[in-house]
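Asks: pasting the sequence and the predicted coordinates here, then a few questions.
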Amino acid sequence: MPKKINLSLIITLVVLVFLYLPIMTVVGLSFNTSSNSLIWKGFGFDWYQNIWTNEPIISSFQRTIFVALVTTFFSLLIGTTISIGLNKMKAGGFLRTFSTAPAIVPDLVLAIGLLTTFSTISLSLNLRTVIISHTVFCTAFVVAIVLARIGLMDPSIEEASTDLGAGPFKTLFKVTIPQLMPALIAGAVLSFTLSMDEFVIAFFTNGPETPTLPMVIYSMIRFGVTPEINVLGTLLLAISFVGVILAQRIGKVADSI
Amino acid sequence: MPKKINLSLIITLVVLVFLYLPIMTVVGLSFNTSSNSLIWKGFGFDWYQNIWTNEPIISSFQRTIFVALVTTFFSLLIGTTISIGLNKMKAGGFLRTFSTAPAIVPDLVLAIGLLTTFSTISLSLNLRTVIISHTVFCTAFVVAIVLARIGLMDPSIEEASTDLGAGPFKTLFKVTIPQLMPALIAGAVLSFTLSMDEFVIAFFTNGPETPTLPMVIYSMIRFGVTPEINVLGTLLLAISFVGVILAQRIGKVADSI
Amino acid sequence: MSEDLLKVRNLTKKFGTITALNNVSLEIKNNEMFALLGPSGCGKTTLLRIIAGFEYPDSGQVLINDSDLLSIPTRTRPVNLMFQSYALFPHMDIFSNISYGLTNTSFTKEEINNQTNEIIEKIGLGEHVKKKPNQLSGGQQQRVALARAIARKPKILLLDEPLSALDKKIRQEMQVELKRIQHEFGITFIIVTHDQDEAISLANRIAVFDKGEIKQISTPQELYENPTNEFVANFIGEGNILKATSTNFGFEHPCLGKVNISHSMGAGKSVTILIRPESIILSPATTGAGQITDAVFAGAKKNITIKLTTNEIVRVYADKSANLEVGSHVNLSFNPQDVRVF
Amino acid sequence: MSEDLLKVRNLTKKFGTITALNNVSLEIKNNEMFALLGPSGCGKTTLLRIIAGFEYPDSGQVLINDSDLLSIPTRTRPVNLMFQSYALFPHMDIFSNISYGLTNTSFTKEEINNQTNEIIEKIGLGEHVKKKPNQLSGGQQQRVALARAIARKPKILLLDEPLSALDKKIRQEMQVELKRIQHEFGITFIIVTHDQDEAISLANRIAVFDKGEIKQISTPQELYENPTNEFVANFIGEGNILKATSTNFGFEHPCLGKVNISHSMGAGKSVTILIRPESIILSPATTGAGQITDAVFAGAKKNITIKLTTNEIVRVYADKSANLEVGSHVNLSFNPQDVRVF
């Protein structure tokens, strides 16, 4: 019984190359030393070095990190509270669906809604409104992740804590939260990367003086794809991938403890 | 043992209202009869009627539906093929991660990569390039959904088909695909709504003569939030929700058959 | 003060339209090993959770040493529960798991350490104190769950399906161990189980539940030998349940003839009879009351399956040397004392 | 042509560094009910999958009626498999499930319908033909899986843990049913199981596997009464395994004394002895060979656990009327013929 040539493997590989072509293009061209990004001149880190001297890019990068950190903090706090609250309610099916639904609302619709809301209550647009907007957006993802984890938790473990004489706060901090750690880490990393990369909502809810990195990239691209853009795209990509891989690893380690 | 006042329920409800405020604002104001969207004048469907006479909006809406349908077809075909191929490979862990990874690549990075790729091979930008781009983007989601479902499938069922004398094609079409139906429906609905709502990638990879609906909304909003924008946002929202609910229902029905 | 440690009186609990417990009453004595036995959904777990404090009944009383148990908050009840899943805290080591209950008391750190170490000693977990629960085997995890549950020295230890997750060899070991620990610590055990073997091998007395009601409370031997109803007869041990007609002196069955027993239920009624497989003696016949459809070697005996001419199936334990082949016809005889009629 | 339907010769299969089958040989006769028995990971499932055609061995032969089975493609082998999970097609009704194998042949539609209906009749599934698998009970699903697997009239039916998913009552029913169907259709059955009760109750002959090797092939009774090694002694039935020293005429054990048996292994060697629980007679003593640690009512008998002075644990089946209390000291006696020495 000789082995067949694995046709499905070949098809899969070809399709994967097709899927990855655009991403590989960005990464590949970011190492092009030419100043015309479409003409390959040689491999080098020239444009990576140039980026550090570009003041608007660096300050927008700092703003983006700041927004992402604050967003992560609030999303995690609010999302975890909702998840634990929803889990306590027995008939929470309807509320459960609703608390994760903002994750499937089109970005554009959420952006319009936020802009209208801020206009109605006359809140001026700046990094504060971006943080509020990103928190609304990221909380739904945190809830989805934490609720899924709570669902996998043995409910007897919290009951055991009560049975052994612990009050609700001791049970929460000594038993429930340590159990949820992998989900909290995953939720934090996801919130951070979503906020970092987010363009549409930031564009609608930010003021013109404090652009975030995706907004800067967007304004640069109107003049065509430049080598800086490939470098910035590669950096954003790297941060996302490192985040996701980190979240998976930490999740596994936390699980095995 | 009297019942305690359910503090967690109250907190959860308050937070949910906060999360939903922007969405409710868009939907609510879409029924405002006033021509200034920020001043409430009365409830009515005036602006919904006006939309139908707005030729640029209607034709962009038709384009969006067309792109979404074609994207759905190709994403489903390619995504299902990859998923079945990956499932056949025993040591596919690495490839598995890679085939779903484009789902976590920032939109903006994917958009830059696609634009650069199209420029490199001198493909002119129009609806064809949007469809290619959306297919790259949606295929990763289809793979994620279908692979998860294949993982739940009893591998003995395909073996039973072979044991009973069926060839690989009969097994595929009579046994495997009917088993995957709920995932295929969910993948199709997700691809359709993702493509419908998608703005950043379409903006980068489309030509100026054939804007899609999100692009039209975006260009309109530069002049402030108008009642039309609220109506269009509500419609996009409705399509997304109906799609997701439909996918869940059909998935459940297909499961119970 | 009566000799009963726990009294359950007229307990009723409904979940929506489902009646989990219907007017249940029972008494459990000090130092008893008491089992609540029944199929899943029979209400036994609901009773356990009411005693533990995780559910509250719709009506009825639970008294411990003649004082109300239900008004004591869950946290401070003199009752602890060993969960079916063990419910160990996966992020804490074995020592922290076992001492957890003691940290919720007014004991000093030194007292907690001493008491925890004493229990670890007695349950034989000394070498594992620094490990996490998932580094232990199933049997060891159960010992930790047991140690954690008795650390607060409860008056009653509730055990939810304590042997169900263990394989056969460790089951037998834990069975002896649970009895030893109950004896050594002097705690009353209430065991909830769906497995008659588990109940019989552990408990002094068993309450058999069905659909929220108690069908019989008695010792294992009494439940086996003198079940008071068909449910218990069917649930405890292997038994042949046949349909017969009562006579003035006993009953009549088409294949077994007229049988006279000590009491009568009045003539002409449709009755159910129970005969245990070891109570039947088979004798070959050319055309008998039944035909052997299966004969299986089972160590010291043979398990014989017979199809009666009434199409009823009867199982008999025969001597392994008995010459009983599949397909041969047999007659059945038994001592009328060994038959129960309902 | 020999009387052996299937011959397995020197089969070896490795998965990476794990040897699933190590030079395994066995013969299965026509119309046999043959069981492959062993703990999980012993290689029995690998052998089953090689015969079915889902795995291919590294070396060795499999012959059916003396011709090579391994060169026949999986699809056309005269062998069918009843999967442990049943693996019914959930989207097809019962009729389509059962006729599926026949649609892959050159039969006409009418022939397929007739043959399917005949099997449905014989297996007693008539009322369910239009239902989907998930509308049936576990026992009914298994009948469908059985019907589907025998529809192509294979020479050998492979059954993977056929009774494991069923509860006790339906198990006994299916056990008789499987034997009836095997007899009626005249198909050789090969049963893979980890459960000795399942193997003993179904099979004429059993191959006991451990770590990829066959430890013994024999009838159930022979395996129970004359195991040739400690693994089989331990795996089949309940047995007491004790450490003893061989003498010129038998063996010596600190608690049992010197015992003379028919053969000797030479003096002074360390040996393992097996005594079944029903072979031991207990007699009370003031200071005996052991002390009773547990006595459990078990229907017609009592299960007694004894701790010997050597700390070895011995299980004995005593008469239920025997006056044997926990804590009392006992001596053990037995007929030397009932002891096996390895």
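Replies: Right, received. Where do you want to start? Numbers count the residues shown, from 1 in each chain, chains lettered A, B, ... in the order given.
Asks: tell me the pLDDT at the most centrally placed residue in chain C?
Replies: With distances taken as Cα atoms, centre = their mean, the residue of chain C nearest its centroid is C:Ala199 (2.7 Å). As predicted, C:Ala199 sits at a pLDDT of 92.
Asks: list the contacts of it.
Replies: By Cβ atoms under 8 Å, 6 or more residues apart in numbering or on different chains, the residues touching C:Ala199 are C:Ala35, C:Leu37, C:Ile191, C:Thr193, C:Ile206, C:Pro220. All C-beta atoms are positioned from the backbone trio N, CA, C, and that covers glycine.
Asks: I'd like the distance between it and chain D.
Replies: 11 Å (Cβ to the nearest Cβ, to the nearest Å).
Asks: pull out the buried residues from the host helix or strand of that residue.
Replies: Secondary structure assignment for C:Ala199, by DSSP states H and E: helix C:196-202. Going by neighbour count (16 or more other Cβ atoms under 10 Å in any protein chain shown), the buried part of helix C:196-202 is C:Gln196, C:Glu198, C:Ala199, C:Ile200, C:Ser201, C:Leu202.
Asks: can you check stretch A:175-186 too?
Replies: Neighbour-count burial for stretch A:175-186, with 16+ other Cβ under 10 Å as criterion, is recorded at A:Val175, A:Thr176, A:Gln179, A:Leu180, A:Met181, A:Pro182, A:Ala183, A:Leu184, A:Ile185, A:Ala186.
Asks: now the fifth one: how far from A:Ala188?
Replies: Counting by Cβ to Cβ, to the nearest Å, the gap from A:Met181 to A:Ala188 is 11 Å.
Asks: my read is C:Val62 is in a strand, agree?
Replies: Yes - counting by DSSP: H, G, I helix; E, B strand; the rest coil, C:Val62 falls inside a strand.
Asks: still on that earlier bit, and the buried residues of helix C:196-202, which is closest to chain A?
Replies: C:Glu198 (19.2 Å; Cβ to the nearest Cβ).
Asks: from D:Glu173, how far out is the nearest residue to that closest one once chain neighbours are set aside?
Replies: Distance criterion Cβ to Cβ, 6 or more residues apart in numbering or on different chains; nearest residue to C:Glu198, sequence neighbours excluded, is C:Leu163 at 5.0 Å. Taking Cβ to Cβ as the measure, C:Leu163 falls 27 Å from D:Glu173.
Asks: next one: A:Pro168
Replies: Per Cβ to Cβ, A:Pro168 is found 51 Å from D:Glu173.
Asks: C:Ile187 now?
Replies: Going from C:Ile187 to D:Glu173 by Cβ to Cβ gives 42 Å.
Asks: strands of the stretch 151-300 of chain C, start to end?
Replies: Using DSSP state E, counting those that start in this stretch, the strands of the stretch 151-300 of chain C run over residues C:156-160, C:188-193, C:205-210, C:213-218, C:240-246, C:250-253, C:257-260, C:270-275, C:280-284, C:290-298.
Asks: tilt between the last one and strand C:280-284?
Replies: When you say that, I think you mean strand C:290-298. 120 degrees (axes from the mean of the first three to the mean of the last three Cα atoms, to 10 degrees).
Asks: C:Ile187 and D:Glu173 - which one has more neighbours?
Replies: Neighbour tally, C:Ile187 and D:Glu173, criterion other Cβ atoms under 10 Å in any protein chain shown: the higher count belongs to C:Ile187, 18 against 13.
Asks: number of nearby residues for the closest residue to that one other than its chain neighbours?
Replies: Nearest non-adjacent residue to C:Ile187, counting by Cβ to Cβ, 6+ apart: C:Leu157, 4.9 Å away. Neighbours of C:Leu157 under the rule other Cβ under 10 Å: 23.
Asks: any idea what C:Leu157 is bridged to?
Replies: C:Asn80, C:Phe189 (DSSP bridges).
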